[in-house]
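J.: Give the three-dimensional model of this entry:
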Amino acid sequence: MIPIISLVGRSGSGKTTFLEKIIPEMKRRGYRIATVKHDTHDFEIDREGKDSFRHKKAGAVISIISSPKKVALTADTEHELSLAELRKRFVRSADLIFSEGYYRDIHPKIEVFRKGVHPKPLCGKGDNLIAYVSNVFIKRGVPCFGLDDIKGVADFIEERFLKR
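T.: Numbers count the residues shown, from 1 in each chain. Below you'll find the predicted structure:
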């Protein structure tokens, strides 16, 4: 089963920036990475007037746009899909899934925390927290990596989730 690691933290903490650094490092090591971004609001990935947008608006329950290099899918759901459901339905050719958000999901979490942006970390006991990435050292029983320690975090992930 493809492991899932959620990158969590409050808005503005640097989750996306961290993902932009860790994904190329994992790719350099030979891993195929999938990502899932959690959005608590409704969203559209297509623009009004484009064919795939028109297909969905006309009532298609699933709309796929495909090109020689990419595929995008928009599908209706009856409930918010969990990370496990998303993995089962859509992710086939990856070694690891990073999610951004999904704070309440059960999967292992790395919290990105920047002192000065927020007063205290988001995660506590019982949140399946496995590490912090921060601009300050946090002593809460899990490893704490610096914001730029991409190699250290990649080593940690590789050892704990990918080497079997």
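J.: the longest helix in the protein is where?
T.: helix 15-28 (DSSP state H).
J.: Off-centre distance for that one?
T.: 11 Å (C-alpha atoms, centre = their mean, to the nearest Å).
J.: Now do the buried residues in that helix.
T.: Lys15, Phe18, Leu19, Lys21, Ile22, Ile23, Glu25, Met26 (16 or more other C-beta atoms under 10 Å). (Each C-beta comes from the backbone N, C-alpha and C, glycine too.)
J.: measure Ser6 to Ile130 for me?
T.: Ser6 sits 10 Å away from Ile130, going by C-beta to C-beta, to the nearest Å.
J.: The two - which one has more neighbours?
T.: Set Ser6 next to Ile130 and count neighbours by other C-beta atoms under 10 Å: Ser6 wins out with 27 against 19.
J.: The more buried one belongs to a helix?
T.: No. Under the criterion used here (DSSP: H, G, I helix; E, B strand; the rest coil), Ser6 is strand, not part of a helix.
J.: Where do the strands of this structure begin and end?
T.: Under the criterion DSSP state E, the chain contains strands at 4-8, 33-37, 62-66, 71-75, 96-100, 109-113, 129-134, 144-146.
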